[in-house]
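Asker: When you get a sec, could you give me coordinates for this:
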Amino acid sequence: MFQTETAEFVRRFADAWAAPTVDGLVALAQPDATFSQPLSTTARGHAGLSNFLDELLQTIPDLRGEVVTWAAADEHTVFVELKLSGTFGRRPIGWTTIDKIVLRDGLIAERVANFDGLRLLGSIARRPRGWPAWLRAKLDR
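Answerer: Numbering: from 1, shown residues only. The predicted model follows:
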């Protein structure tokens, strides 16, 4: 029975990340949920998640996520491999995260994202050497 409920959650999760909005992603979470990931402080509750997602989606407005695979560990825990991509500073970026998601009543109670934050920062920081400093500075805004 829990496999069906978990599969339904993952479908909603995939749909929400296919064209993410703050409201669409917050709707997947319990009001007291916690969200942890590299490069960010832990977001708590709908307000914390809304603030985090608003900033993320303003920074990478074309951000999209694709569920690559998933596995239920038990009736409350699912691991989801999510491939994220978008544009930052006019350059395409992408990373993959493995999210450990604890569900309560079909919604996220806790999410822990696991990805290489230093690798992501490195991909953002690289710029072609030939670009003038004034242009690199504009792209870093």
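
Asker: Where do the strands of this structure begin and end?
Answerer: Using DSSP state E, the strands of the chain run over 29-36, 43-44, 64-72, 77-88, 91-104, 107-114.

Asker: now those strands in a markdown table, with distance to residue 23 and mean pLDDT?
Answerer: Any C-beta I mention is one placed from the backbone N, CA and C, and that applies to glycine too. Formatted as a markdown table, the strands of the chain follow (distance: least, C-beta to C-beta, whole Å; pLDDT from 0 to 100):
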| stretch | distance to residue 23 | mean pLDDT |
| --- | --- | --- |
| strand 29-36 | 11 | 97 |
| strand 43-44 | 15 | 96 |
| strand 64-72 | 16 | 97 |
| strand 77-88 | 19 | 95 |
| strand 91-104 | 19 | 94 |
| strand 107-114 | 14 | 96 |
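
Asker: Nearest to residue 12, out of the ones you listed?
Answerer: Nearest to residue 12, of all these, is strand 107-114, at 9.5 Å by C-beta to C-beta.

Asker: Return the alpha-carbon coordinates of that closest one using PDB.
Answerer: Written as PDB, here are the backbone C-alpha positions of strand 107-114 (Å, rounded to 0.1, in the frame of the first residue of the first chain):
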ATOM      1  CA  LEU A 107       3.500  15.600   2.400                       C
ATOM      2  CA  ILE A 108       7.100  16.400   3.200                       C
ATOM      3  CA  ALA A 109       7.900  16.500   6.900                       C
ATOM      4  CA  GLU A 110      11.700  16.600   6.300                       C
ATOM      5  CA  ARG A 111      13.900  16.900   3.300                       C
ATOM      6  CA  VAL A 112      17.700  16.600   3.200                       C
ATOM      7  CA  ALA A 113      19.300  17.300  -0.200                       C
ATOM      8  CA  ASN A 114      22.700  15.800  -0.900                       C
END
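
Asker: Could you pick out the longest helix of the protein?
Answerer: helix 2-18 (DSSP state H).

Asker: Pull out the buried residues from it.
Answerer: Neighbour-count burial for helix 2-18, counted by 16 or more other C-beta atoms under 10 Å, picks out 6, 9-10, 13-14, 16-17.

Asker: With that, I have no additional questions.
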